[in-house]
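Q: return a 3D structure for these sequence lines:
(chains A, B, C and D)
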Protein chains: 4
Amino acid sequence: FRRTRSLNAPSPFQQFGPCGRIMKNSAMVMQIQDPASQRLTWYKPPLAVLVIKKVRDSTVLSPFIQLVEWLIEEKHMVVWVESAVLDDPLLMEDKKFLAVKDKLVTFKDGRDDLTDRIDFIICLGGDGTLLYASLLFQQSVPPVMAFHLGSLGFLTPFQFNNFQDQVTNVLEGHAALTLRSRLRCIIVRRNSKDERRDEGQNGKVAESSTFGTLPSTNILVLNEVVIDRGPSPYLSNIDLFLDGKHITSVQGDGLIVSTPTGSTAYAVAAGASMIHPSVPAIMVTPICPHSLSFRPIVVPAGVELKISISPDSRNTSWVSFDGRNRQELLHGDSLRVTTSIYPVPSICAQDQISDWFDSLAECLHWNVRKRQKCLD
Amino acid sequence: FRRTRSLNAPSPFQQFGPCGRIMKNSAMVMQIQDPASQRLTWYKPPLAVLVIKKVRDSTVLSPFIQLVEWLIEEKHMVVWVESAVLDDPLLMEDKKFLAVKDKLVTFKDGRDDLTDRIDFIICLGGDGTLLYASLLFQQSVPPVMAFHLGSLGFLTPFQFNNFQDQVTNVLEGHAALTLRSRLRCIIVRRNSKDERRDEGQNGKVAESSTFGTLPSTNILVLNEVVIDRGPSPYLSNIDLFLDGKHITSVQGDGLIVSTPTGSTAYAVAAGASMIHPSVPAIMVTPICPHSLSFRPIVVPAGVELKISISPDSRNTSWVSFDGRNRQELLHGDSLRVTTSIYPVPSICAQDQISDWFDSLAECLHWNVRKRQKCLD
Amino acid sequence: FRRTRSLNAPSPFQQFGPCGRIMKNSAMVMQIQDPASQRLTWYKPPLAVLVIKKVRDSTVLSPFIQLVEWLIEEKHMVVWVESAVLDDPLLMEDKKFLAVKDKLVTFKDGRDDLTDRIDFIICLGGDGTLLYASLLFQQSVPPVMAFHLGSLGFLTPFQFNNFQDQVTNVLEGHAALTLRSRLRCIIVRRNSKDERRDEGQNGKVAESSTFGTLPSTNILVLNEVVIDRGPSPYLSNIDLFLDGKHITSVQGDGLIVSTPTGSTAYAVAAGASMIHPSVPAIMVTPICPHSLSFRPIVVPAGVELKISISPDSRNTSWVSFDGRNRQELLHGDSLRVTTSIYPVPSICAQDQISDWFDSLAECLHWNVRKRQKCLD
Amino acid sequence: FRRTRSLNAPSPFQQFGPCGRIMKNSAMVMQIQDPASQRLTWYKPPLAVLVIKKVRDSTVLSPFIQLVEWLIEEKHMVVWVESAVLDDPLLMEDKKFLAVKDKLVTFKDGRDDLTDRIDFIICLGGDGTLLYASLLFQQSVPPVMAFHLGSLGFLTPFQFNNFQDQVTNVLEGHAALTLRSRLRCIIVRRNSKDERRDEGQNGKVAESSTFGTLPSTNILVLNEVVIDRGPSPYLSNIDLFLDGKHITSVQGDGLIVSTPTGSTAYAVAAGASMIHPSVPAIMVTPICPHSLSFRPIVVPAGVELKISISPDSRNTSWVSFDGRNRQELLHGDSLRVTTSIYPVPSICAQDQISDWFDSLAECLHWNVRKRQKCLD
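A: Predicted coordinates for the structure are as follows:
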């Protein structure tokens, strides 16, 4: 048996001694593309490109203008921008920008549906731009190429200087991909008359378009969903269920349910270990728990978590999704969380491993130290 | 799209917007059995059963005798035991045992090869019995059913009282399995003349039978491989490489490379988060690192780690494998670690999720606390 | 040199080799009573006793009535209660209580000044009763004897069953004391016209009665003062100064400045080590800091901390004192914190050491584990 | 009441309400010099200066020669060095050094007693030089001025460049002092016939010169005493007593008992909070404990700790003192630890607060982070 480079482990041997083996059940076998070989390809040449820029940061304006002009003039692409971008008076004073302004296609966030209209996304700025891209595409997400301005971010691996070569390279299909899993979150309200319809046959909530009518309760997050005590001075009691089984009760400031991508965001501040984005897992991290022994846990990506207020809790809780959409979780409501089938395909600057470790060093100063100096 | 209960996440959607998709490369697609559906089946009825009992613990003797007698007299199975077991004088004084003693098949650890001779393993005692079973079977491992005596262990989920019903149940094929991944570890010595032969085409070390001649350097661990400073008062400098790339240098008491199963053993004592055994991952945890920022990390199961002494380190290091086989790692040597294709198929008492959380509560008192009492 | 049992270290030798010594400056020598010998004595027999009971907990009513009746009838003491206590309809239905009700002296929290009127305090219920006692006495605090009902609390060491013997014992002067230091906190508002008056000659803020006119900004806390981001989704940037020197900036959910008593309250949930209440120190603990290396620190009790919003921070912060009195800290405001000269004299059930370790085990399950069981 | 700048808290008010106060017992009142006012003064001009240089580091040679020459030629001091220093061939090739070599006074470590012969100590190199100075003076320690070469250490605050001005300044008595407390450690052997003599009247072991005959069992440490499992693969069970009371049992890799100075050495690597050296406290930190809830604790400086092997432990343990003097602790032996009256008077480069926080930033990168960059 000869292994190939693979980020997944090798397929485990499924015969155990002379007699034992795994029961065959073809419906339960998944075909998984090896993460190490996940490379982008284009079915047809991408034409429509969405450019997302960091808001309220004037240093992004010049790169933004350069990029948009080049995409239009040199690459002959159709460039989409959020209509609010054009409200920036500094941008409107820029002559180069005015020359291309009329060729831009604009959309209004929350009103226009981008599904199937965008072939490619370019982000300029901080990690927030990628969270915003994730928010715009609640189902299939076009490939995202993210530039940092200033210093490397976890989600923004590309440097802007020779952006032309790098974008061209990606458009020609030379790019490794990290499929960043997202969590699908649904708040099931106690009094929802549609509650029964929301549940699948096996008690899980289906990921279907019928939720289009209740957009606020079906949300995909790239980093994490946070349940906290909100303005209450008292601590919440939150019950945590996993695949229907009561696992534990949380007493403390709150709970973070995060993707591996999110493990290096809020969860790491709350004490979690850091998980590479290709590990298929969900991380559960308490925020300032009262129990000394409440260490974070990592569970398989396919479980369904249910979170609800303990019946005997004096308080309600608050839920927020990637830092947005904050809302109260009342007694009797529940939050269901599982892994979505729609990951964010995030284009690597180098490869999955190098990009991640470079970010750890740059963003979190992971294990950066003065060697031996203070120890003699 | 309707999900089924699955521990793997649902297969991620591989089309990204109208044009992007993952490059097809059928060699890189893995078929993964959903952990949640991993159930044991028997190709033919198991006949040879290896019974492993905890050593130096007289409380195990009575259950051991009951079990062996029942397997032989009632189930007509061939029972194997390690020959040293029979050296126990207390056992030799037991009349019930003497009646079945001659029907036992014995083997000598380290001399007799058990491969393909054992259909089924029953462990009696602590988690150490499972580590020993793992040690005996360095390739395919027969299904293991492990009883705790006293209180629940991470690796020993079954209670002994009505053992007859439980074993019968498993022999009839009604059992959920947790495939506990193991790490394959190879020490490549600086002066090994076979070094070139050890490397595959792509620089990785193959998992092949040619290592049969170097048993000390090709070791599968179920919990962890530990690199530490040994008796040296000075701290080691250890270089850590991942898929050939230098990731970081470790300065401290040592480093733990563990499976998810091992995350709740030594790694958790060193501050790691706890990972469910079905998550395909490898955990890297520093032991008392000098850097405040050296948080544990979790990487995909398929990477290859290489660990070596930093050229400028004053000291060598010591390596041990599941607590055994301790040996020195010299300058120029390297330890290679990756996930083995041979997991330990560990039979669940209930199911993968319930067994794990019950162990967390019982063995680690995870988040056990006095509710609200001290907080008013 | 022969040491005696002492919780303070022995007085350090102040001659260093043949020539060196500490410069004599008698103004700078403090006389410190050895904590291990801190025993309560009564200058004159205590007459006025304040009884504080846990609110909204009907299980406290019966012990409360027993205690009050006994204090009045048997001990002939004058019993004070907060007037709101009498609003409880359950209490008013109790015949035994009605018999003593008219002998009670009542006061209104926030309106009546208790200074110099109360000789002795008895608390019934949870730790919150002691926090409330601390709040009532912002200068000298009468000795406090605190009973837990149910299970041991950090601040409530006494069991209620034979309360008569125990109270008698204390009234006769047989009791060890823990002097629990408090933090004196003052918010200096940017626009306060009195700002200059608030500062002493050396730049520190004096602990004087002149602050009586600004009660909201001069607060003593027994556990901690917390600075957090409040309802803001963005993280605060907080500047931390120590004796006038800028020490660090905090980026995260917030900061806890706690007494040793408070180290086992919120700070421990945020990851701090636990400090015995007799150690003269102040603990500074970040809440979910963004920096992996922001470990909690412990500084000498006599320093003055100043906390303010970083000039470049997008957000303000919120401050709360022992969980109360929550208010916004604006740009330009500062919070000054130092140790007060008015500790809470908390009566020990056994002694300083035993009481503390019993609480650690009981309230935090400190190092409670299943011995050896899961480790074999 | 007007506070002065003080590192000790203000002397706590010792009257509690109208009647309560602390029982007077003048024997129990300690006079404590305020740490903030601890300044060095010279009773008579220092003449004999001991110069300690880092071993096996050739970059220290040139500063060492400059310093020694200047002390002899300009300051007319008598310079002492350890005789082994002169064995360095590189030193013997240096002409400037040869010119002063004969004026040096040498001593042999372990043979010559330096007590009362040295007025002043200058260290050159890493923190190890100060640990060595501490080792040489097991009772009163002359004032120590420590230079780092390269970068700042916790114990070496002075920069070497304008050393002449700085040393002159200190010799003239302008210097703040940090009194770094040390731990006095005694191993009481099970079979020691002198055991009774070792104990004081109250069960504590006296710090007296009668131990001169057993030098190996009476050791002062500046950083920490460590108890670990040594070469044993099994975990130790260690019993921890505090002032005679059994506090807890430790199961794990070991236990660190450290001074506040040592809190930033090994203890911080094992997860402890960091304690300013002027806080009178002892820190107890487990190394990789099996219990999730075994958080480090901080106890008052004056307690006496006793550590022994649990009677039911399979293994012995090993003890080492500031990384030296490693020896086995057998069943029935005990290690007693308390604060010594002989601190190390360590001269500050700036002051107690600034020096410490500068070291935290420089040596541990405490809360050094990229501001806001990766978080947008």
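Q: what's A:N237 sitting at in phi/psi?
A: The phi/psi pair for A:N237 (degrees, to the nearest 10) reads phi -110, psi 120.
Q: separation between it and A:H290?
A: Distance, A:N237 to A:H290, using CB to CB, to the nearest Å: 10 Å. Every residue, glycine included, has its C-beta placed from N, CA and C.
Q: would you list every one of the strands in the stretch 201-350 of chain A?
A: In the stretch 201-350 of chain A, the strands defined using DSSP state E, counting those that start in this stretch lie at A:218-221, A:224-228, A:236-242, A:245-258, A:274-275, A:281-289, A:297-300, A:305-309, A:317-321, A:324-329, A:334-339, A:344-347.
Q: so what strands line up beside the longest one?
A: Here strand A:245-258 has these sheet partners by DSSP bridges: strand A:224-228 (antiparallel), strand A:236-242 (antiparallel), strand A:281-289 (antiparallel).
Q: can you tell me which of those the model trusts least?
A: Mean pLDDT is lowest for strand A:236-242 among those, at a mean of 92.
Q: which parts of it are buried?
A: Residues of strand A:236-242 classed as buried: A:236-242 (neighbour count, 16 or more other CB atoms under 10 Å in any protein chain shown).
Q: that strand to strand A:334-339, inter-axis angle?
A: Here strand A:236-242 runs at an angle of 50 degrees relative to strand A:334-339 (axes from the mean of the first three to the mean of the last three CA atoms, to 10 degrees).
Q: shouldn't A:P343 be in contact with B:Q14?
A: No - with contacts counted by CB atoms under 8 Å, A:P343 stays clear of B:Q14, the gap being 9.1 Å.
Q: out of the two, which sits in the busier spot?
A: Neighbour totals were compared for A:P343 and B:Q14, and A:P343 leads with 26 against 19 (other CB atoms under 10 Å in any protein chain shown).
Q: the more buried one and chain D: what is the separation?
A: Between A:P343 and chain D the computed distance is 21 Å (CB to the nearest CB, to the nearest Å).
Q: which residues does that residue contact?
A: With contacts defined as CB atoms under 8 Å, 6 or more residues apart in numbering or on different chains, A:P343 is in contact with A:141, A:179-182, B:12-13.
Q: which residues are in contact with both of A:N237 and A:H290?
A: Common contact partners of A:N237 and A:H290 (CB under 8 Å, 6+ apart): A:Q251.
Q: hmm, which of the contacts of A:P343 is lowest in pLDDT?
A: Lowest in pLDDT among these is B:P12, which has 73.
Q: ok, that one - contacts?
A: If you count contacts by CB under 8 Å, 6+ apart, B:P12 has them with A:179, A:181, A:341-343.
Q: please repeat the previous calculation with a cut-off of 10 Å.
A: Contacts for B:P12 (CB atoms under 10 Å, 6 or more residues apart in numbering or on different chains) come out as A:30, A:32-33, A:38, A:179-182, A:280, A:301, A:339-343, A:345, B:22.
Q: and it, how far from A:L130?
A: In this view, B:P12 and A:L130 are 17 Å apart by CB to CB.
Q: wait, isn't A:P300 in contact with A:A281?
A: Yes - using CB atoms under 10 Å, A:P300 is in contact with A:A281, at 6.4 Å.
Q: any shared contact partners between these two?
A: Common contacts of A:P300 and A:A281, defined by CB under 10 Å, 6+ apart, comprise A:339, B:9, B:260, B:275-276, B:278-280.
Q: residues near A:W366, how many?
A: Neighbours of A:W366 under the rule other CB under 10 Å: 22.
Q: next, the nearest residue to it once chain neighbours are set aside: secondary structure please.
A: Distance criterion CB to CB, 6 or more residues apart in numbering or on different chains; nearest residue to A:W366, sequence neighbours excluded, is A:L360 at 3.9 Å. Each residue gets one of three states, and A:L360 gets helix by DSSP: H, G, I helix; E, B strand; the rest coil.
Q: and A:F97, by the same measure?
A: helix.
Q: so it sits against A:L91, correct?
A: Yes - between A:F97 and A:L91 there is a contact at 5.5 Å, judged by CB under 10 Å.
Q: the two: who's more crowded?
A: A:F97 (21 against 17).
Q: coming back round to it: pLDDT check: weakest of the shared contacts of A:P300 and A:A281?
A: B:A9 (60).
Q: what about the helices in chain A?
A: With DSSP state H as the criterion, chain A has helices at A:61-73, A:89-92, A:95-101, A:127-136, A:163-171, A:195-198, A:266-269, A:352-364.
Q: where among the ones you listed is the average confidence lowest?
A: helix A:195-198 - the lowest mean pLDDT of those, at a mean of 43.
Q: separation between A:F294 and A:Q251?
A: Using CB to CB, we find A:F294 at a distance of 9 Å from A:Q251.
Q: can you check which residues contact both of those two?
A: Both A:F294 and A:Q251 are in contact with A:286, A:288, B:367, B:369, C:269, where contact means CB under 10 Å, 6+ apart.
Q: contacts only, for the first one.
A: Applying CB under 10 Å, 6+ apart, we find A:P286 in contact with A:238, A:240, A:248, A:250-256, A:270-272, A:294-297, B:367, C:269.
Q: can you pull the phi/psi pair for the residue nearest to it when sequence neighbours are not counted?
A: Counting by CB to CB, 6+ apart, the nearest residue to A:P286 once its immediate chain neighbours are dropped is A:F294, at 4.7 Å. When read as degrees, to the nearest 10, the backbone of A:F294 gives phi -80, psi 80.
Q: what about A:F294, how many neighbours?
A: Neighbours of A:F294 (other CB under 10 Å): 25.
Q: can I get the shared contacts of A:F294 and A:Q251 in a markdown table including distance to C:L114?
A: Shown next, in a markdown table, are the shared contacts of A:F294 and A:Q251 (distance: CB to CB, whole Å):
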| residue | distance to C:L114 |
| --- | --- |
| A:P286 | 40 |
| A:C288 | 34 |
| B:N367 | 41 |
| B:R369 | 36 |
| C:A269 | 32 |
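Q: chain D contacts on the stretch 201-350 of chain A?
A: For the stretch 201-350 of chain A, the contact set with chain D under CB under 10 Å from any CB of the partner chain comprises A:264-265, A:269, A:291-295.
Q: how's chain A carved up into domains?
A: Listed domain ranges for chain A are A:48-180+A:344-364, A:183-339 (source: automatic domain parsing).
Q: show me what contacts A:I238?
A: When contacts are counted by CB under 10 Å, 6+ apart, A:I238 touches A:227-229, A:248-252, A:254-255, A:286, A:307-310, A:313, A:315, A:317, A:329, A:335.
Q: next: A:D116.
A: By CB under 10 Å, 6+ apart, the residues touching A:D116 are A:48, A:139-140, A:142, B:17-18.
Q: of those, just the buried ones, PyMOL syntax please.
A: Burial among the contacts of A:D116 is assessed by 16+ other CB under 10 Å; the matching PyMOL selection reads:
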select buried, (chain A and resi 48+140+142) or (chain B and resi 17+18)
